[in-house]
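**Student:** quick one, structure for this:
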Amino acid sequence: MPRHSQSRRASGSRSTPRNRGRGNSLRDARGDREVSSPRSSSRDSIESDDVPLSSLSTRVGRPTPAMDTSEHSRRLTGSRDDAPSAISGPSSWSRTHLDPPRRPIASLPTRPSEHAPPAPSSSSSASVLSPVLSPVAAQRSEPEVPLQPPVFQVNRWGTAPEVCPPFEGRVAAQGGFATMVITSPNMDYVPDYPVEREVIETFEDGRWGLREYSRWPQMLVPDMMHVACIPREPSPLSGTVLWERLSPESAWEPDRLTGVSGLGFIKSDIRDRLRLEANAVVRTFKLDADQGDRSMNLPKDYADHGHVLVMILQQCVERMDKLASPPGIAVAVAAHIQRVSLELAGLITYLHTVVSRLSSRLSYERDILPVLGAFVRDATAAQTLHRIGLPTWFLQPLTRQTNIWRIVQVRSLPVDMSGQRSQPAIYHQAAGTAGLANLTGNWLRSMAMSVSKMVSGTHMPPLESVDSPAVYEFERSSLEMKRQRDNHGHIQAKHLGMRAAKAAPPPPKKRPRRANGPDSVVGAASTSSTSPAHQGSNPVASPPSAVQPAKSFQPSPFYSLHPDWRHALRDVSPVPRSEVGALYFFPPPFLLDTVSSQAPIPENAVDAAAARKDDKILRYLHNHLRIRRFCRARLFDPMMSSQPLTIAEWRAALWGDYNGKEVPASAGESSDARRNKRRRDEWNAICRLFGRVALLPSYREDLSVSFRQQKFTARELATADIRPWVLWESHEINFRSELMALDTLLVHRPQWQEIHRWEREREVAEVWGGRSLLSILPADHVAPPADRAPAEDPGHSTGTRIFIQRFVGIMTRWPECPVGLISDVEKIEAMADYDEVRRAALSFYVKTFVRVYQRLPVVPMPFPVM
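**Tutor:** As a prediction, the model looks like this:
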């Protein structure tokens, strides 16, 4: 009889009371439920403390093909080949007449087999196991097969619906991901994913490649959802010029009138169209913002961000129009105008449409907006964008449950976006942990602001004040004084060697001699006989004047100031002398309103008796028209030494001899020799500024210069009626610059962020109808109405009222502002007679300026008659 048949008969023998029911059922290793053997009798039961699960799991095994049933029985019973089997527990198929005598399994001698598992412990050796295996135990004993990763493939066939559920892929692509997939439920393409890098580069066309949020979908930023609403094609809110590719070769042209090689502007037709589109989108946003304020439905954080965008956009437009720049910077400014205009258009779409969709319970999944859309990684965000009808790309793990209709390749950048990197690159430090990709999108806001600072941020150079304590703290060391200026960010070109506007006071023993000497700096302010420009260049010099226009008010024969301005200037005249030379941002008007035999008093002179004679005035005027474009450009460019100049330096610049003076071999050590050396150095510095930086040749009478779209030689200029325009530009630029510099000194704080400074500068610029710091420069040809507000005729009460109201509003934050002005600022608009407020405001401004800078301010003059 085969051995396995004997085992089967043996299994049908009666069991002892101790071993009865041991093989009838097994406990599932995953729980406490019992799994009955299919061969067990219903009358058999199992005791919960008989067989430990550990013993069960180590002794039970499924027979392999190389192992017969008898071998399997021996493993279960632990018996030898020549020993009788003793398997406890009756069975439905056992035959009782074949039962041999039985003994406890513990008394059976055992021998290890090469296939048998290790011997059980003493606690489990007495246990008798059934040869019948439960399905659970048999399944657990099999070796585990590792699961295969899901395959990226199509698992939905047929025609995909126009809009799929939010987590389903109408189209799908992996891009550079291994275990992730990008799906879109409502689009038919997948753009390349803009993984954030530590360095975000700016390219030749002024854009940011894959990180160009105005052209390419980005990761959704919760508090900047309007970025996903930027139009993806020209629309009524975004004209075609906002989508044009700009390059230095096709969009930039040099400005030869500036005089500096390599400076120029964006071509005039592109500038006109950019300005038109920017103004249109600003008007639309302001209209929506006003309506939202009245209805109280406008999200405040988005409205505030919109006002910041408007301020940046207006500043960029003025930067593009008024400052000549190298081609790379000019293109970057124009590209930033495109970027901010498109972002503002996206904000308008968000406020118009998306806000109402977000608050509605309806689904707009089939009404997809023609906007850029966004990438999302959160399931809730994917559902939200899908419901409100925004193009959505969901970055999700690839699983077997991911439904995919069609697999596509990721779409790369369009061909009209440059791949040529600009130099230098704009760096952005990721805010994430080192070694991990920062996918939160928080770079977008900081990057946009940093680029705005780089391409449109400008700084007004300070007028050195006389009573600033910091001056005297460093007056013993000129090196420390220079370091102090660098710490405040005011850059001065080293090759010019220009001294600071505030000179240290001379030693006490030399002070009387310098104050009373005929060659003092202040004494030379009103004459040209001792200036370096005329020593050796023009031996015929006019005699010194007893009146200094920088210290005492002198009326002009060419115009008449407002009576309140005249009273305010006369009240503080004459200003006491100081050891510091007066500084001006632009050629001062009193150097340009004198007369001579070649330039006589005009017949329509306002006050012929007030005329001052200067034989050099015709040369001053002619050369001024030649260098004025450079003087305007250098005002905001620290690379061209934007610091204000003294009166003597402006005389040297207007004289126009830029060849320089050699230093004598034996200059001596006397005070006169040192004074002449210092003036010669200043003269040479002006020559280097205008002759080397601006590349302007020395003056010649036969040169033809351009002004107001006309060309003039020296002879033609003598009879031309252009003096009022020249004086008006000088008054306006100096007045606006001085007001901005004084407000910066009195109000600005070092801890202010850039956006705070821009906001304050815009408030000051509104005094003359401007919108940013760059509006200090009036229009180069015909001044627009906004440039005429400060000089409005007194009869036009509306213009004057607006000017005074804004002017007083600025000064309310100044120290020692009269309480009456603070209380009247809100009442000016309703006042029938505000003459007293105007007189008090103008007087307070003049006195404050004189106290700080120790000279008379330049005030606005009436706008010339067309």
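**Student:** please make it C-alpha for all contacts and neighbour counts, starting now.
**Tutor:** Fine.
**Student:** which of the three states applies to the closest residue to residue 229 other than its chain neighbours?
**Tutor:** Leaving aside its sequence neighbours, residue 229 sits nearest to residue 346 (CA to CA, 6 or more residues apart in numbering; 4.6 Å). When classified by DSSP: H, G, I helix; E, B strand; the rest coil, residue 346 comes out as helix.
**Student:** report how many residues lie close to residue 346.
**Tutor:** Here the number of neighbours of residue 346 (other CA atoms under 10 Å) works out to 25.
**Student:** then the one 10 residues further on?
**Tutor:** Around residue 356 there are 13 other residues, counting by other CA under 10 Å.
**Student:** what separates it from residue 388, distance-wise?
**Tutor:** Relative to residue 388, residue 356 is positioned 9 Å away (CA to CA, to the nearest Å).
**Student:** if I look at those two, which residues touch both of them?
**Tutor:** Listed contacts common to residue 356 and residue 388 are nil; contacts here mean CA atoms under 8 Å, 6 or more residues apart in numbering.
**Student:** my read: the residue nearest to residue 229 touches residue 230, true?
**Tutor:** Yes: Residue 346 is in contact with residue 230 according to CA atoms under 8 Å; the separation is 3.8 Å.
**Student:** ok, the nearest residue to residue 194 once chain neighbours are set aside - how many residues close by?
**Tutor:** Leaving aside its chain neighbours, residue 194 sits nearest to residue 210 (5.4 Å; criterion: CA to CA, 6+ apart). Residues lying near residue 210 (other CA under 10 Å) number 21.
**Student:** quick check: which ranges of the stretch 1-150 of the chain have low pLDDT?
**Tutor:** Across the stretch 1-150 of the chain, the ranges flagged by pLDDT under 70 are 1-143, 145.
**Student:** check which residues of the helix or strand where residue 673 lies are buried.
**Tutor:** Counting by DSSP states H and E, the element that carries residue 673 is helix 671-688. Buried residues in helix 671-688, defined by neighbour count with 16 or more other CA atoms under 10 Å: 675-677, 679-688.
**Student:** same question, stretch 212-225
**Tutor:** 212, 213, 214, 215, 216, 217, 218, 219, 220, 221, 224, 225.
**Student:** distance of the last one relative to residue 185?
**Tutor:** Plainly put, residue 225 is 19 Å away from residue 185 if you go by CA to CA.
**Student:** and if you look at the third one?
**Tutor:** From residue 214 across to residue 185, the span is 22 Å (CA to CA).
**Student:** now the first one
**Tutor:** The span separating residue 212 from residue 185 equals 24 Å under the rule CA to CA.
**Student:** cool, and residue 289?
**Tutor:** 33 Å.
**Student:** more neighbours: these two, which one.
**Tutor:** Ranked by neighbour count (other CA under 10 Å), residue 289 and residue 185 place residue 185 first, with 27 against 24.
**Student:** is it true that that one touches residue 161?
**Tutor:** No: Residue 185 is not in contact with residue 161 according to CA under 8 Å; the separation is 9.1 Å.
**Student:** are there residues contacting both of the two? Which ones?
**Tutor:** Between them, residue 185 and residue 161 share the contacting residues residue 170, judged by CA under 8 Å, 6+ apart.
**Student:** can you pull out the strands in this protein?
**Tutor:** With DSSP state E, the ranges of strands along the chain come out as 25-27, 34-36, 171-173, 180-184, 218-219, 252-254, 264-266, 374-376, 392-397, 583-584, 645-646, 705-707, 710-712.
**Student:** closest to residue 662 out of these?
**Tutor:** strand 645-646 (21.6 Å; CA to CA).
**Student:** just checking, what packs against that closest one?
**Tutor:** Judged by 3 or more CA pairs under 8 Å, 6 or more residues apart in numbering; DSSP states H and E, strand 645-646 is in contact with strand 583-584.
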